[in-house]
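Novice: sequence unknown, structure follows:
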């Protein structure tokens, strides 16, 4: 349930873009009716109408995520706050300037900051992010914690580069497909990382 909740904004972005791209006349008409007053020039370009609608949807969906957590008395983690701020700022720029470049940068910024955060915490603060999160469930040698941490940092660094390469070398439709596919790649990486960690788990050995 939590995974679906976390991924909902991206899924809605994909669905809205796909529907708008398949129905360009509707997308242009709807975007002009509801977004015309906030875009530069007052008229939405038909070429970017699906992206603008999808961008508005992901901003609203992320806001709802934050609101639901706050209203239910649950903690809104720092990453969600940051994502909300970033998607709002870059989304607003995308809509106002009718320029897809802003929203296309969003995944890369998020991936690279995650990568930098993992490395900074480990190298500067001497605190392994994965050990902090999972240290109560798993007992791993320090070398394994570091491999997992550096592996994740490199993965998100590479994913950020891949996002820019797709974003600026292919059309928007291909980028949207990549954006959704990257979620599957990330999930697969997490599964493989989990298998690797469980393989080296010393919890049972310690208890014995």
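Specialist: Received, thanks. None of these values were measured; they are calculated from a predicted model.

Novice: rest of the way, CA atoms for contacts and neighbours
Specialist: OK.

Novice: and the pLDDT for the residue nearest to the spatial centre of the chain?
Specialist: With distances taken as C-alpha atoms, centre = their mean, the chain has residue 107 as the residue nearest its mean C-alpha position (5.4 Å). The score at residue 107 is 95. That number is its pLDDT.

Novice: residue 6 too?
Specialist: Confidence score, pLDDT, at residue 6: 82.

Novice: neighbours of it, how many?
Specialist: A count of neighbours around residue 6, defined by other C-alpha atoms under 10 Å, yields 13.

Novice: now swap in residue 195 and tell me
Specialist: Residue 195 has 12 neighbouring residues, counting by other C-alpha under 10 Å.

Novice: so which strand or helix has it?
Specialist: helix 172-199 (DSSP states H and E).

Novice: next one: residue 153
Specialist: Residue 153 is part of helix 142-169 when elements are defined by DSSP H and E.

Novice: returning to what we had before: element containing the residue nearest to the centre of the chain, please.
Specialist: Assignment of secondary structure by DSSP H and E places residue 107 within helix 101-123.

Novice: so how far is that helix off the chain centroid?
Specialist: Distance of helix 101-123 from the chain centroid (C-alpha atoms, centre = their mean, to the nearest Å) equals 10 Å.

Novice: numbering from 19 from now on, please.
Specialist: Taking 19 as the first residue, the last one we looked at is helix 119-141.

Novice: neighbouring contacts of it?
Specialist: By C-alpha atoms under 8 Å, 6 or more residues apart in numbering, the list of residues contacting helix 119-141 from outside reads 73, 101, 104-105, 108-109, 111-112, 145-147, 167-168, 170-175, 177-179, 181-182, 185.
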